[in-house]
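Visitor: Let me see the structure of the following:
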Amino acid sequence: MLNIVILAAGKGKRMHSDLPKVLHKLAGRPLLQHVLDTARALKPAKLCVVYGRGGGALPEQCKGADVVLVKQEPQLGTGHALKQALPHLTKDGITLVLYGDVPLIAAGTLKRMLKPNQLTLMTVELDDPAGYGRIVRDDYGTISRIIEDKDANVSEREIREINTGIMAIPTARLQNWLSRLGSKNAQKEYYLTDIVVLAIKDGAKVSSIQPKHVWETLGVNSKTQLAQVERRYQRERANQLLEQGVTIADPSRIDVRGELTCGRDVEIDIGCVFEGEVTLGNRVSVGANCVLKNVKIAADTELLPYCVIDGAEIGGHCRIGPYSRIRPGTVLENEAHIGNFVEVKNSRIGKDSKANHLSYVGDTTVGKNVNIGAGTIVCNYDGANKHRTVIEDDVFIGSDTQLVAPVTVRKGATIAAGTTVTRNAPAGELTLSRVKQVSVRGWKRPVKKAVTGDR
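Guide: Sure thing, here's the model as predicted:
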């Protein structure tokens, strides 16, 4: 049986924030959520999170029938924290200890730690181990103890192998070892690492593993470290996409904050952000500085720079942007064109239809082969409720038109530039509303009066 305990009670003083440290975001999700997802991949019998502050915010993040929440109060160290979880764990098997601020650890690495009837530590070697607990080994290379940085002497501080804090412990012996911990150290805390000495005294086998990548064990204690972990995470995601054949203009300037699925020959320019679930079909091109959230885009569509697309489905061979905004509920059918400074919300745009300049299309169904001229506005909101507009196939909407919903423009109709449409426009006819143009003879443009005296 496998227990997993995630220690998440750290105060995070160096974050300089009211938000609990483990709720700061990495790739759009809290640090703790990354650790929870990795833990769940191991299918533990018990999954426990020990927290210490944050009111209801942290419990809300951990909601789920599979998670047991335990509050550590007061906070007296990692050994004390794990002790709070003991009543909720199965009595046999292995207890794996993880940390809510170490989000990059891989499930495959953790599986290598799950060795029955022994205490297994995860260690790494650092060029600069300052601040970390050192792994002290005897003349035979066997682990003898862990010494915390603040308690280490000069020679011990020269040791480059450090303790990451992640460990797998025989659950049957855990209660005994935790009950024997003391707090005679610089921090006056109960160190979980002290169980190594107790395990050796009791004749238990103590071993170690090292991860494939040192960065898997990077922790977050400051905003600087959070930024470093973010870049490492994003670089790994970029590397995965590159290996799959995606062309990325600059792997250091892409942010994936969810799941990005790409077809063949996809191209992504610099500064793009992908949130939620995004799918890009074959030969999709994403221009610089686009933001895509929960979007599905079919093959051969081109996004020009600075587009924002959220909650939409885009057909094939479409052309969007630059500076287009497409909001939730929108569907663009094949070969639709949405141009610069055009906003589309909760609308369906038919095949080969175009809105190329400076327009707002909201709560509208647009048929095939429709041209929406520059400056067109669908007036869908009456101050209390939204109303729908229908524009049927082969309609031409002239520039600077206002369509006051609810209204229908019938097939083949032409709406003259500058028209305000308040009633249904008949099929195949020209509809216009214009005030008679007047020129006033002899009119003079006002001029500024001369200013005299002191000012």
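Visitor: what stretches of the stretch 101-250 of the chain score poorly on pLDDT?
Guide: Scanning the stretch 101-250 of the chain for pLDDT under 70 picks out nothing.
Visitor: per-domain residue ranges of this structure.
Guide: 2-217, 223-431 (automatic domain parsing).
Visitor: which stretches of the stretch 251-400 of the chain form helices?
Guide: Per DSSP state H, counting those that start in this stretch, the stretch 251-400 of the chain carries no helices over any range.
Visitor: Next, the buried residues of the helix of greatest length in the chain.
Guide: Longest helix in the chain by number of residues (criterion: DSSP state H): helix 223-243. For helix 223-243, burial by neighbour count (16 or more other CB atoms under 10 Å) applies to Leu226, Val229, Glu230, Arg232, Tyr233, Gln234, Glu236, Arg237, Ala238, Leu241. For the C-beta atoms, the positions are set from N, CA and C on the backbone; glycine is no exception.
Visitor: Quick check, the first one in contact with Leu23.
Guide: So the one you mean is Leu226. No. If you go by CB atoms under 8 Å, Leu226 and Leu23 don't touch, sitting 11.5 Å apart.
Visitor: ok, and for stretch 130-141, which residues are buried?
Guide: Tyr132, Gly133, Arg134, Ile135, Val136.
Visitor: Pull the residues that contact that stretch.
Guide: Outside stretch 130-141, the residues that touch it by CB atoms under 8 Å, 6 or more residues apart in numbering are 121, 123, 126, 143-149, 152, 156-157, 159, 161-163, 165, 193, 208.
Visitor: Angles on the backbone of Val266, please.
Guide: phi -80, psi 140 (degrees, to the nearest 10).
Visitor: mind listing what it touches?
Guide: Gly245, Val246, Thr247, Leu280, Asn282, Arg283, Val284, Ser285, Val286.
Visitor: Quick one, which of the residues you listed are buried?
Guide: By neighbour count, with 16+ other CB under 10 Å, those hold Val246, Leu280, Arg283, Val284, Ser285, Val286 as buried.
Visitor: wait, what's in contact with the first one?
Guide: Okay, so that is Val246. Taking CB under 8 Å, 6+ apart, one finds Cys262, Val266, Glu267, Ile268 in contact with Val246.
Visitor: same thing with the second one?
Guide: Leu280 makes contacts with Leu260, Thr261, Cys262, Gly263, Val266, Val286, Ile297, as judged by CB under 8 Å, 6+ apart.
Visitor: Same question for the last one.
Guide: For Val286, the residues meeting the contact criterion (CB under 8 Å, 6+ apart) are Val266, Glu267, Ile268, Asp269, Cys272, Leu280, Leu292, Leu303.
Visitor: Which ones among these lie within strands?
Guide: When these are checked against strands (DSSP state E), the matches are Glu267, Ile268, Cys272, Leu280, Leu292, Leu303.
Visitor: Show me the contact partners of the longest helix of the chain.
Guide: 15-16, 24, 26-27, 103-104, 215, 218-220, 248, 251-252, 254-256, 260, 262, 268.
Visitor: So which of the domains of the chain is nearest Val438?
Guide: Among these, domain 223-431 comes nearest to Val438, with 15.1 Å by CB to CB.
Visitor: before we move on, the earlier item: now tabulate the contacts of Val246 in TSV and tack on pLDDT and distance to Leu47.
Guide: Listed next are the contacts of Val246 as TSV, based on pLDDT from 0 to 100; distance: CB to CB, whole Å:
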residue	pLDDT	distance to Leu47
Cys262	98	32
Val266	98	36
Glu267	98	41
Ile268	98	36
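Visitor: any idea which of those is closest to Leu181?
Guide: For the contacts of Val246, the residue nearest Leu181 by CB to CB is Cys262; the value is 50.0 Å.
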